[in-house]
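Chemist: after the sequence you'll find the predicted model.
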Amino acid sequence: MTLTLSQVAKTFPDGTRALNPTSLEIAEGEILSLLGPSGCGKTTLLRIIAGLEAADAGGTLSFNGEDVTRLPVERRKIGMVFQNYALFPNMSVRGNIGYGLKMAGLPRAEITARVEEVIALCRLQPYAERAITALSGGQRQRVALARAVAPRPRVLLLDEPLSALDAALRTDLRDELADLLRAVGITAVFVTHDQDEAMAIADRVAVMCMGNVLQVGAPEALYRQPADAFVARFVGNAMPLGGEIAGDRLLLDGAVLPLARPADGNTAWVRGEDIALDDAGPLPATVDAVTFLGTHYRIKLTTTGPAPLFALHHGHSAPRPGETVRLSIPPHAILTLPAAA
Ligand SMILES: Nc1ncnc2c1ncn2[C@@H]1O[C@H](COP(=O)(O)OP(=O)(O)OP(=O)(O)O)[C@@H](O)[C@H]1O
C-alpha cells in the first residue's frame, strides 16, 4: 500500500500549529520513521494518518490513490502499536492476537488459521497459551505487533514502541523489530525521538523540527548529506566548529582548516568520529575530560570554537585532562551547511 500525504497540516483549536503543510509519499512495504525532538509534531502526523486527528482543510491523505482524508479511524484499516502495547492482561497470547479478528466477525476457522500464521511469523509458538503477565517486555512487544498485523491492515503505525523497555533490551529489540517488520512486509510508519532506533529500523527517515519535515532520506544519506545544521546535529551529533568560511578554507582563531570545496555563506560542522588527535594537526585544543567507553575514548576538548568538541578516539591510550593536544580533521569530514532556521 502506498501512502500519500499532500499538504497535510494541523492547527489545534487553541491556535497551536503542530504541523505545517507536509507532503510525503511512503512506498508499498516501506518503513518510514518520523524522527525529531519532543513537540516537533511527529505524534500529530501519526494520529492524522490513523484518523485519530483531523487534518486542517486543504490537506489530503490517500491510501493507494483512495482519498481517506475524511474516513473515520475504524474504516481506514490501519494497525497500531502503542508505547505501552495496550494488551489485554487477562487474555492469553492467542486471545490477544485473535481479538480484532473476532470483533470483525470472521468465521472461527479463518480466525484460528490467521492467528496461527501470525504466531509463527512473530516467533511466538512457545508462548501462545501464556498470559500476557507471564511474558517479558520483548515478548509482549512481539504480541502487540502480531495483534496489530493479524487483521491484515493496510498500514501499520507504531508510536515509540520501544520506549517502555530498558536501554539494553531496546537495542536487542530494535533489530528484532526491524526483522519482523520486513518479514511481515507491511507499509509502516514509526515514531521515535531516538536517532539510533530510526536508523536501525527504517528504510527512510523523516527528520522533523517545529512542525516541519526538514529532510527525508535513507539513514546513510541523512548522515552523509544532511540538509542543514539541525539534521546534522540530530542525526550523528555534529558539532559546530565556528570560524569563518573563505572559499575552500575554514578560518578559525589560530588555525586554518582546508575544506573539500568552496562553501561561502555556510557554517562548519564536524562529528566526533572525524576528529583525530594528531601531533602534526593544525588545530590546538585543551583536553577537558576523558571517558573510557570500552571500544573507544570520548575526549572533551576546548578549542577557540563556540562549543566543546567531543572526539571519539580509538587508540590504546588517551591524553589526560589539562594536556594540550593538536587535532586534525580531514577536509571531506567538515560539513558545510546552512545554519538551522
Ligand atoms: N490537543 C492539543 N491541543 C493543543 N496543542 C497540542 C495538542 N496536542 C499536541 N499539541 C501540541 O502540538 C505540538 C506537537 O505535538 P506532538 O505530540 O505531535 O509532538 P511530538 O513530536 O510527538 O512530541 P513527543 O515526542 O513529546 O510526543 C506540541 O507543541 C504540542 O504541545
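Modeler: Cool, the structure landed. Residues are numbered from 1 along each chain as shown.

Chemist: use CA for all of it now, contacts and neighbours both
Modeler: Fine.

Chemist: gap between the two ends of stretch 149-166?
Modeler: Between the opening and closing residues of stretch 149-166 there is a gap of 25 Å (CA to CA, to the nearest Å).

Chemist: could you report the neighbour count for the closest residue to the ligand within the stretch 51-200 of the chain?
Modeler: Nearest to the ligand, among the residues of the stretch 51-200 of the chain, is His193, at 6.2 Å (CA to the nearest ligand atom). Neighbouring residues of His193 were enumerated by other CA atoms under 10 Å; the total is 20.

Chemist: distance of it from Pro37?
Modeler: Distance from His193 to Pro37, by CA to CA: 6 Å.

Chemist: name the SS class of Ala164, please.
Modeler: Three-state call for Ala164 (DSSP: H, G, I helix; E, B strand; the rest coil): coil.

Chemist: for the residue of the stretch 51-200 of the chain closest to the ligand, list the residues it contacts.
Modeler: By CA atoms under 8 Å, 6 or more residues apart in numbering, His193 lies in contact with 35-38, 160.

Chemist: take those residues and keep only those in strands.
Modeler: In strands, defined here by DSSP state E, the members of the contacts of His193 are Leu35.

Chemist: which among the contacts of His193 count as buried?
Modeler: Of all the contacts of His193 considered here, the ones buried according to neighbour count by 16 or more other CA atoms under 10 Å are 35-37, 160.

Chemist: filter the residues you listed down to the ones close to the ligand.
Modeler: Applying CA under 6 Å from any ligand atom, the subset of those adjacent to the ligand comprises Pro37.

Chemist: for Lys10, give me its contacts.
Modeler: In this structure, Lys10 makes contact with 17-21, 44, 54-56, judged by CA under 8 Å, 6+ apart.

Chemist: pLDDT below threshold where in this protein?
Modeler: The chain contains residues with pLDDT under 70 at 339-341.

Chemist: quick check: domain ranges of it?
Modeler: Structural domains assigned to the chain are 3-234, 239-338, following the TED database.

Chemist: and the longest one, end to end?
Modeler: The separation between the terminal residues of domain 3-234, taken as CA to CA, is 26 Å.

Chemist: with stretch 119-137 instead?
Modeler: Using CA to CA, first and last residues of stretch 119-137 are 17 Å apart.

Chemist: same check on stretch 185-198?
Modeler: The separation between the terminal residues of stretch 185-198, taken as CA to CA, is 18 Å.

Chemist: so for it, what gets flagged as buried?
Modeler: Along stretch 185-198, these residues count as buried under the neighbour rule (16+ other CA under 10 Å): 186-195, 197-198.

Chemist: repeat for stretch 236-250
Modeler: Neighbour-count burial for stretch 236-250, with 16+ other CA under 10 Å as criterion, is recorded at 236-245, 249-250.

Chemist: quick revisit: which of the contacts of Lys10 lies closest to Ser6?
Modeler: Nearest to Ser6 among the contacts of Lys10: Pro21, at 7.8 Å, using CA to CA.

Chemist: return the host helix or strand of the closest one as CSV; C-alpha atoms alone will do.
Modeler: Taking DSSP states H and E as the criterion, Pro21 maps to strand 17-26. Presented in CSV, the C-alpha positions along strand 17-26 are these (Å, rounded to 0.1, in the frame of the first residue of the first chain):
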residue,chain,number,x,y,z
ARG,A,17,0.3,25.0,14.9
ALA,A,18,1.5,21.4,15.5
LEU,A,19,2.2,20.6,11.8
ASN,A,20,3.0,22.8,8.9
PRO,A,21,1.8,21.7,5.4
THR,A,22,3.6,18.4,4.8
SER,A,23,3.8,16.3,1.7
LEU,A,24,5.2,12.8,1.8
GLU,A,25,5.0,9.5,-0.1
ILE,A,26,5.6,6.2,1.6
